[in-house]
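K.L.:
this one's structure only:
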DNA sequence: TAGTTTGTACAGTAAAAACTGTACAAACAA
DNA sequence: TTGTTTGTACAGTTTTTACTGTACAAACTA
């Protein structure tokens, strides 16, 4: 095995490892391979170059580079004289981790909080409604407690995402300087 | 709409919200619905009861309750006189959040760290190998720097999971007492 | 202006994942 | 022991997701 091949092998191992773990970001192995390829490529890449490198259709490259961009794992790059869109891997991975929570978790927390609060309001109305039987009211009281627990938990998650965004997390778990 | 129906509606809203957000845990909406159903059910449930409640096959209930158990979102329960397996939702959701990292993220971090370290070793060998061209060595040096960055990042993630497991995260983001 | 190039929408296809029903091993009952 | 009950492995099916190729709008070029 020559030097070039040995180098390539070390890259392939890491790229495949990224591909197999990127499901934590809700992305497919293909997107992971694309990300890994861009990571080791020392210049920004065009969609056509990705098509070439990965042997997949340009349409696929377009959709999955968008998925990577949405999570801010890759970003647009500019290079004078190049008309095609260029993409490169975001260089701050700690920030990318935080972005995952800012984008995906925050959205879920918000959606879920709304549902919980809406149901809580309806249950509070129900327990003071004179037309409702005691039996149902008792069940409603149990549900209210459960929903209050959920609401508090999601409020905690919200504060956790704040702590990530504000970089307070780095006080608790410091980044070691090289 | 009578009381029972109004109560049911508030539950359904929350269950559907769980179903739509549980992908963050790498689970399917069906598993989320199962989890939600168990959450509002005030007694532990058997597989047959879940089949009944959710209108799905017992096989599906078995596999998805296992997925929920693997992430410690549900746990076995015991009730004297009942021979069937009983399951209930884990009551500490903060701990469930931590378990997600202990189980899924820790595993990914380990796998990935191994791949990165292995490749780093091979690249270090490569750059001191006299039979390798200078051109390739230069590329190898660039890759070594990239892999060192990855290694440091994954080491940070590992410490982050530690901070979750040790509950240090609650110092940074406290749980508000009721 | 017309002629290219580039990225993506959309419809169709291929691949993967979720789900079902059968069949059976393990645990329990009599 | 034999007869039930219970959970799950496995094969087959359905549904969903990923991927491709075509077709076209927008942006650029001359």
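P.N.:
Received the coordinates, thanks. Every value quoted in this text rests on a predicted model; they were computed, and no experiment measured them. Numbers count the residues shown, from 1 in each chain, chains lettered A, B, ... in the order given.
K.L.:
Name the residues of chain A found near DNA strand D, please.
P.N.:
Taking CB under 7 Å from any atom of the strand, the part of chain A that reaches DNA strand D is made up of A:28-31, A:55-60, A:63-64, A:83. Where you see a C-beta, it was placed from the backbone N, CA and C, and this is true even at glycine.
K.L.:
so does the helix or strand that contains residue A:127 get close to chain B?
P.N.:
According to DSSP states H and E, residue A:127 maps onto helix A:106-128. Yes. On the criterion CB under 8 Å from any CB of the partner chain, helix A:106-128 is in touch with chain B at A:108, A:111-112, A:115-116, A:118-119, A:122-123, A:126.
K.L.:
Tell me which helix or strand comes right after that helix.
P.N.:
helix A:134-165.
K.L.:
Buried ones in that next one, by neighbour count?
P.N.:
Using 16 or more other CB atoms under 10 Å in any protein chain shown as the test for burial, helix A:134-165 gives A:136-137, A:139-140, A:143-144, A:146-147, A:149-154, A:156-158, A:160-161, A:163-164.
K.L.:
low pLDDT regions in chain A?
P.N.:
A:178 (pLDDT under 70).
K.L.:
Those residues of chain A touching DNA strand C, which are they?
P.N.:
Contact residues (CB under 7 Å from any atom of the strand) of chain A with DNA strand C: A:46-48, A:58-59, A:62, A:65-66, A:83-85.
K.L.:
Just the buried ones from those residues, in PyMOL syntax?
P.N.:
Of the residues of chain A next to DNA strand C, the buried ones can be selected in PyMOL as follows, counting by 16+ other CB under 10 Å:
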select buried, chain A and resi 46+47+65
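K.L.:
closest to residue B:131 among the residues of helix A:106-128 next to chain B?
P.N.:
For the residues of helix A:106-128 next to chain B, the residue nearest residue B:131 by CB to CB is residue A:108; the value is 53.3 Å.
K.L.:
tell me which residues of stretch A:4-17 are tucked away?
P.N.:
Residues of stretch A:4-17 classed as buried: A:6-7, A:10-12, A:14-15, A:17 (neighbour count, 16+ other CB under 10 Å).
K.L.:
and chain B, which of the buried residues of helix A:134-165 contact it?
P.N.:
Among the buried residues of helix A:134-165, chain B is touched by A:136-137, A:139-140, A:143, A:146-147, A:149-150, A:152-153, A:156-157, A:160, A:163 when using CB under 8 Å from any CB.
K.L.:
Closest one to residue A:78 out of these, please.
P.N.:
Once CB to CB is applied, the member of those that ends up nearest residue A:78 is residue A:163, at 33.6 Å.
K.L.:
The closest one against residue A:169, yeah?
P.N.:
Yes. At 5.5 Å, residue A:163 counts as touching residue A:169 under the criterion of CB atoms under 8 Å.
K.L.:
Farthest-apart pair in the residues of chain A next to DNA strand D, please.
P.N.:
Based on CB to CB, the longest span within those runs between A:29 and A:83 and measures 30.9 Å.
K.L.:
hang on, the earlier thing: name the helices or strands packed onto the helix holding residue A:127?
P.N.:
Helices and strands touching helix A:106-128, by 3 or more CB pairs under 8 Å, 6 or more residues apart in numbering or on different chains; DSSP states H and E, are helix A:134-165, helix B:3-21.
K.L.:
Show me what the first one is packed against.
P.N.:
By that I understand helix A:134-165. With contacts taken as 3+ CB pairs under 8 Å, 6+ apart, helix A:134-165 sits against helix A:93-100, helix A:106-128, helix B:3-21, helix B:29-40, helix B:93-100.
K.L.:
Return the distance of residue A:112 relative to DNA strand D.
P.N.:
Distance, residue A:112 to DNA strand D, by CB to the nearest atom of the strand, to the nearest Å: 19 Å.
K.L.:
May I ask you to confirm that that residue is in contact with residue B:19?
P.N.:
No. Between residue A:112 and residue B:19 there is no contact under CB under 8 Å: 10.7 Å.
K.L.:
what's the offset of stretch A:64-83 from the middle of its chain?
P.N.:
Relative to the centre of its chain, stretch A:64-83 is centred 16 Å away, using CA atoms, centre = their mean, to the nearest Å.
K.L.:
whoops, I mixed them up, stretch A:38-52
P.N.:
Using CA atoms, centre = their mean, the offset of stretch A:38-52 from its chain centre is 22 Å.
K.L.:
swap in stretch A:49-57?
P.N.:
Distance, stretch centre to chain centre, for stretch A:49-57: 24 Å (CA atoms, centre = their mean).
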